[in-house]
Structure formats: structure tokens, C-alpha cells
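Enquirer: my questions concern the predicted model and sequence given below.
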Amino acid sequence: MKPAARSLLAILAAISWLPVGLPAGEPIEQLTRDGLLKRDPCYLPEAGDIVFATRHRSPRMVLMQLELESGKLSRVNPESNLVEMAPSYSADGSLFCFQRLTGNDETAFVIQQGEPASQRQLVGSRKVNWNVQVSPRGDEVAYNLSGQIYLRSLKTDKETKLTDSAGRNDWPSISPDGKQVVFSSSRDGNYDLYVIQRESSRVRRLTTTEGLDMRPRWSPDGSRILFTSNRDGNYEIYMVGADGSELERLTDHGEQDDYACWHPLGKQIAWIREKQGRFDLVRMSLPQNTN
Amino acid sequence: MFQIGSFQAGGCRGTSRRAFLQASFGLPLLGGSLLAAEKPVASQARSVILLWLWGGPSHLDTFDPKPDAPATVRGPFSTIGTRIPGIRFSELFPRLAARNDRFSLVRSNVNHSNAHHVAGSISLCGSPGRGDDKDYDPNFGSIVQRLHRGRQDLPPFIAVGPGHLNTAAGDIKAYGGGVWGPAYDPFPVRCSEIDDVQLPSLKLLEGQTLTRLSDRSRLQQQLAVLRRMDRHPGPRQWSNHFERAYRLVTSEEGRQVFDLASEERKTRGKYGHTQFGQSCLLARRLAEAQVPYIQVNWSEYVENIYDNRTDFGWDTHWLNFENMAERHGPILDRSLSALLDDLQQRGLLETTLVVAMGEFGRTPSISANGGRDHWERCYFSIWAGAGIQPGRVIGESDSHGNDPLSDPVTPLMVGTTMLDQLGIHSEQRARLRVLPGGTLIDQLL
């Protein structure tokens, strides 16, 4: 191919990843190119690398770690032959948690900490716990169990039921100070975002749109929340202030944008973007006016 | 399983990948004498593509939502309008909602069992099993295979998916030939989400490329060795199995049908790079090549959660809503929409009957586990193409989706309608003693 044609293709490829209709910000950077199904990315707190679940060279979902500097991909648990997903880290990186499928309609979550790392596999009070997330302080995990949100102390192993509402409650994310939990709930009809103050049990509704608002993720400084919504007809990434103000749409294209997560410094996000039916990990620095 | 070899097949993005092929005793029989015995009958459909949603999709969270029901029935999803005034779908299906003027929806399917392997068998052959060991009639595709007179280099009944249909309670018995035996089982094809198509029923010679396989004389020399091996005592149908394999590998045109890498990247993308999406694309290629019966299996196992595979069948006792939102809804919406678009754009929809269904629906009431259990009393099916009047909704379920209020549609009616559209009418069915007493779903036609 001639250099000019190659340059033109490179420009076209770069343009195709620019966010459309967004405030001035950084272009979207594609981090993987294999197109395989992916979900649940999260940044490693110290190195800034990203761990996510994918079907990489496997008939099952496995956890992979992407070194951002080198682009090297490696299995997180190369010896495991079980399905693993939903990785999350405590803010200081000392504790790593993920979800493991352990049988037919059975799941567990795995806590990994220490150096060398030791793993502890925990099973909830029912067979299936889902969308587990460790708290930024690393002292507890939150998860969905049969449509209600539960917390489990990693010190005492005590399980606490956080919600007890009509409808479904899912996708919990614990605030950096541990005092609040944001989650999705269909208690008022369809999935919207809610925040519960743990001390008072007071619940605030953050979104009221017709449609599916899901997978909220609290920013490292506690001021904002990323989430996925299909309010425009397909899955896009949005951001809203923790008080429900300043709703902002971060992506806008005809296929799915989903599973957004925060960089530990809060100025960049990564997520899974579907493009031409392929699923890849992308990242974007947040526009200045959103900081 | 008899290993014959493997060959290098073209993969996506121009890379060469190894596709493993094995010849098995389960290969379907292409009985030449049987084929010659039947007379062709004019039909609306040249091919049937059955999208088999193994595990039983919830009708309430897909195409028969109940927005006015209590939260314990309604579930968390909103509903959206469709091209047909007054008809609403779950919000998880925006593409299909924008296309339902091109297909018809049955909201009143009923089955006779709420066990997967039983209901699945009934759904795929039209009748309950007989006797203590539950002998089942042949799969609809096996009937088509037996009567097939079309091109001989491609199997007439092909199952595309991740593997033989299974449940934790056992195999599905009407997966193939049933009482006619394994000679009428489907020709299995595995289709991965982004890599190659695999034909586990064949196994060619190690190191062969598609180009080298085109060298007939060379191939025949190599296969002659295998023919000698084939003479060892074994099941009677083995020769026929080998013949099927031989016909396929010696037909360049036949082999190329399975080469998804030859599709444009844009087209592959429209279906989505999921196993089901790429399987639907392969089904279109097979229909284009006039394969008369193609069954695309959503998953190998019904179960939604398994420890060592991410099959994610539609059996959502747990995590019904989580997986519907994260996976099942978006994948089905994209794949089926792309299939309908593609068939229409190529002028194939007029001669291809597309049916999407599972073996039953799921309980209207949400369970204590936060999922929905099996519900055979009411579920949905989608019908498009070849003689099907589009834009219709057949049957109506009651306020909670418990039972049909009108027009119950049985598996017998489903099979009768599919075969009739393919030109296999009552006389032929009677002669083969299949689908006795079956009636058409008249409202679709």
C-alpha cells in the first residue's frame, strides 16, 4: 500500500474513534483489537493496568490483565478452569475480588490479598451472588442476591441485607468513604439509579428516565457516578453528580457502550465498546469541564 | 469417534487457522434410494432456519411484556413501541421492535411438559415420546433430510451451534433421527464468535489447505487409504456416513459455504461477533446454498450458569434479569435483526422460513431466587419469510402471561406448518408416519 493511502486510512481509523457530539475532550483510544466478548473492566490502582473478563482463547470467560504500556495481555489466574468475571480492587490495591462460577447455578466470590497473594473463596447465603464489588476501603463486598443488595464484612464475614424493596436491585457500588451505596433498582417501575445512606437507610433517587439505567460506578473522589443507560435506544455511557445533578452523556454511537470504570485518579475512564459487532476495551480522558 | 485428519481453513482477518474435523458414527445418512423415491412438491420455502433458544426464554421479558401487571410479574424492564400500533416489546429489543412489520409473532405457544429434555424433544419433533424409554419421532429436520432431493454435496439437515443439545438431566432425544436412528441426525457445525467454522463430524487429512483439498486426485488418493480403513466391521450406516463426508470434502463449492472468512467484515459485524450471531450468518450462507433445514442452537446446555463454560442458555432460574440485560437480549436482538435484513436484501426471505423459539416460556411470577422458572403453558415464537404474512400477532395471553386466551399453538402445529411450507404435505407425512393429525397455524399464512 502506498504511504499516502496508508496515512489516509490511519486518519480515517482515528476519526472513527472520535466521540461524536461530545464536549471537547480526548479521543477514544482502542486498547484491544481482538473483538472478543468482554465485560467488567477495572483499573489496577497502582500500575494503572486494566483487568477485565473475556473469552480470550477459551470457551469460558476468564480474567485478563492488560499492561497499558506494553499492550501485553496475560491471564490473571492461568491455572483456573472456571468461569471468572467481575474483578474489582480496593483503592489501595491491597485487596482483589472477583466472581467465580462454581457449578450449575452456583457462584462464589474470591478475595485475594497479601504478598504472595492468597485466595479465599466465599459463598453467599444463597447459591448465586452476582455483580460483586469490593469497597474502596477493602473492608467489605457488595453484591446482588436474588434481586436485593447485600453487604458482607470481610473481617467478620457477617452478611447484611441493604435493600428490601419491591422490584429488583442490582449493580451495587460502595462510595469511597463507605457511607453510601449506589445501585440500580426497579422499585418505581424500571431500572433507575438510587443511593442509600447506610447509617440512616435513607434512599435517594438519582435518575428518573424511562429506560434502563444500570452498572453505576462511584468515582474515586466520590463526586460523580458513571453508568450505562439505554435511554436513547441503545447502551451508552453517562455520568451524573453524586447528588443527581449535571447529568452528562459521554458516548454516542449506534452500538453498545457499556461496563464503564474509573481510572484511580478519576480523570480517565475505560469501558467496553461494541463496534461492527466486535467488543473491545477503550478508554478516554474526561473532558476538562467535567472535572 | 474416528479421526481422519484436520485441515487449515481460512480464518477471519485473513489469518489461517486450524479447523478440526472428525468423522463420527453419528453422521447423517444420505440415503440415495430414499431420496430418489420421493417426488418433489412445490413449496413456499426452500429452506427453514430454526433459531433454537435452548433453555426457554421468558415471554414476559421479551415479546409479550405485561407492563400493567404487578412488579412481581412485570419485572424491571420498560416496554417500547413497535412498528405495529398497540404492540409493545421489552426495551431490550429495539432492533426487532423496528422490524416487526417484517415478521409475525405467536404469543400463544403451548407445550406438554416443563422439563427441558422432554419439552425440547417435543418441540423439535412435534409429539410426546412413546413407551417407557421415550422413543421420540424424528426431528423436523430429519424428515426434511429423508425426503431431500436437492444438491448432494451439502448435508440437508445441519445443526449450527456449540455442541449436542444437553441438560443437566440428560440429552435431548429428538435432537436428530429419534426412532429412525442416528443416521438421520443433523450434520453438526460449530461456529465460534470470531474464529473459524468447525465441522466436528468430519476430519480431513492433517496439514491440508482448502487449496490443496481442491486437488481432487491428490485428495482421492489420500481418502482411498481411509476407505480401506472404513471396511472394518462397524455400524451399517458407516459407509453412508463416509460418503457424506467424502462428498463434502471433495466439493469445493460445498466447503466454501462454511468459510465465513469470505464474508465482508461489515456483514460479519452486523450479526455481531458472538457465537450465536456468527451462527446466524452461517445459517444465511447455508440457506443461500439451498440447504433445506438449518437449526441454529443458542447454546449447548440449557443452564444459565455453569462453572466451566459460558454457554449462558435461556434457563434463567437465577439471574434472569441480569443476563437478559447483559447478554441474551442484546445478542438475540442484533443477530435476528441482522439475519432478517440480510435475507431480505439478498432476496432470500421469500424462500427462507425463519422461526425463533425455545421449548417453553418462564413463570410469570418472579421466583424467590430472583429468576423465572419453567412455564410450558404459554410462550412465544417468531416467524418470518416464505409464505408467512408479516406484521401479525397470533394469539393473546392473559393479563399475567399465564395462559393463552386464544389460538393455542402446539409443537405439532409448529412442525406441521414448517414442513408444509417446505412442501412436505400431509400425504408425505402420513406415508412416513410423522406429525399425525397436525394442523397448520392458519393465521400465519
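Expert: Nice, thanks for sending it over.

Enquirer: near chain B, which residues of the stretch 151-291 of chain A?
Expert: Applying CB under 8 Å from any CB of the partner chain, we find that the stretch 151-291 of chain A lies next to chain B at A:166-168, A:170, A:186-187, A:189-191, A:210-212, A:214, A:230, A:233-235, A:256, A:274-279. Yep, even glycine has a C-beta here, placed from its N, CA and C like the rest.

Enquirer: for B:Asn320, what are its contacts?
Expert: B:Asn320 is in contact with B:Ser58, B:Asp61, B:Gly75, B:Asn304, B:Arg362, B:Ile366, B:Gly370, B:Gly371, B:Arg372, counting by CB atoms under 8 Å, 6 or more residues apart in numbering or on different chains.

Enquirer: look up how far chain A lies from the third one.
Expert: I take that to be B:Gly75. Using CB to the nearest CB, to the nearest Å, B:Gly75 is found at 8 Å from chain A.

Enquirer: need the three-state assignment for the nearest residue to A:Glu46 once chain neighbours are set aside.
Expert: Of all residues not flanking A:Glu46 in the chain, A:Gly93 sits nearest, at 4.8 Å (CB to CB, 6 or more residues apart in numbering or on different chains). Following DSSP: H, G, I helix; E, B strand; the rest coil, A:Gly93 is assigned to coil.

Enquirer: same check on the one 4 residues further on?
Expert: Assigned by three-state DSSP, the conformation of A:Cys97 is strand.

Enquirer: for it, give me its contacts.
Expert: Counting by CB under 8 Å, 6+ apart, A:Cys97 touches A:Pro87, A:Ser88, A:Tyr89, A:Phe109, A:Val110, A:Ile111, A:Gln112, A:Val132, A:Gln133, A:Val134, A:Val141.

Enquirer: for ChimeraX, what selects the buried ones among the residues of the stretch 151-291 of chain A next to chain B?
Expert: To isolate the buried members of these in ChimeraX, using 16 or more other CB atoms under 10 Å in any protein chain shown:
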select /A:167,168,170,186,187,189,190,191,211,212,214,230,234,235,256,274,275,277,278,279
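
Enquirer: in strands only, show me the residues of the stretch 151-291 of chain A next to chain B.
Expert: A:Asp170, A:Met214, A:Glu274, A:Lys275, A:Arg278, A:Phe279 (DSSP state E).

Enquirer: need the per-residue pLDDT for the first one.
Expert: Looking back up the chat, that one is A:Asp170. We note a pLDDT of 94 for A:Asp170 in this prediction.

Enquirer: and for the fourth one?
Expert: pLDDT for A:Lys275: 93.

Enquirer: phi, psi for the residue nearest to A:Glu46 please.
Expert: phi 80, psi 0 (degrees, to the nearest 10).

Enquirer: mind listing what it touches?
Expert: Applying CB under 8 Å, 6+ apart to A:Gly93 gives the contacts A:Leu44, A:Pro45, A:Glu46.

Enquirer: quickly find the element holding the second one.
Expert: With the criterion set as DSSP states H and E, no secondary-structure element contains A:Pro45; it sits in neither a helix nor a strand.

Enquirer: may I have stretch B:123-141 as CSV, with CA atoms only?
Expert: Presented in CSV, the C-alpha positions along stretch B:123-141 are these (Å, rounded to 0.1, in the frame of the first residue of the first chain):
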residue,chain,number,x,y,z
SER,B,123,-40.7,-29.0,20.3
LEU,B,124,-38.3,-30.4,17.8
CYS,B,125,-40.3,-33.4,16.7
GLY,B,126,-43.9,-32.3,17.4
SER,B,127,-45.0,-35.2,19.6
PRO,B,128,-44.6,-36.6,23.1
GLY,B,129,-42.3,-39.6,23.4
ARG,B,130,-43.7,-43.1,23.3
GLY,B,131,-43.0,-46.1,25.6
ASP,B,132,-41.1,-46.3,28.8
ASP,B,133,-37.8,-45.3,27.3
LYS,B,134,-39.5,-42.5,25.5
ASP,B,135,-38.8,-43.1,21.8
TYR,B,136,-39.3,-39.9,20.0
ASP,B,137,-40.3,-39.2,16.4
PRO,B,138,-37.6,-37.7,14.2
ASN,B,139,-36.7,-34.1,14.3
PHE,B,140,-38.4,-32.0,11.7
GLY,B,141,-35.0,-31.6,10.1
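
Enquirer: returning to what we had before: now the contacts of B:Asn320 in TSV, with secondary structure, neighbour count and pLDDT?
Expert: Formatted as TSV, the contacts of B:Asn320 follow (DSSP: H, G, I helix; E, B strand; the rest coil; neighbours: other CB atoms under 10 Å in any protein chain shown; pLDDT from 0 to 100):
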residue	secondary structure	neighbour count	pLDDT
B:Ser58	coil	30	98
B:Asp61	coil	28	98
B:Gly75	coil	25	94
B:Asn304	coil	25	79
B:Arg362	strand	29	98
B:Ile366	coil	26	94
B:Gly370	coil	24	85
B:Gly371	coil	24	91
B:Arg372	coil	28	96
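
Enquirer: farthest-separated two in those?
Expert: Across those, no pair lies farther apart than B:Gly75 and B:Asn304, at 15.7 Å, counting by CB to CB.

Enquirer: related to what we said a few turns ago, wait, which of the contacts of B:Asn320 is closest to chain A?
Expert: B:Gly370 (3.7 Å; CB to the nearest CB).

Enquirer: OK, contacts around the closest one?
Expert: Applying CB under 8 Å, 6+ apart, the residues near B:Gly370 are A:Asn144, A:Leu145, A:Ser146, A:Gly147, A:Arg168, B:Trp318, B:Leu319, B:Asn320, B:Phe321.

Enquirer: hmm, the fourth one is touching A:Arg168, no?
Expert: I take that to be A:Gly147. Yes - taking contacts as CB atoms under 8 Å, A:Gly147 lies within contact range of A:Arg168: 4.3 Å.

Enquirer: what touches both of the two?
Expert: Shared contacts of A:Gly147 and A:Arg168 (CB under 8 Å, 6+ apart): B:Phe321, B:Gly370.

Enquirer: chain center to stretch A:238-254, what's the gap?
Expert: Averaging C-alpha positions (CA atoms, centre = their mean, to the nearest Å) puts stretch A:238-254 15 Å from its chain's average.

Enquirer: quick one: buried residues of that stretch?
Expert: A:Tyr238, A:Met239, A:Val240, A:Ala242, A:Glu248, A:Arg249, A:Leu250, A:Thr251, A:His253.
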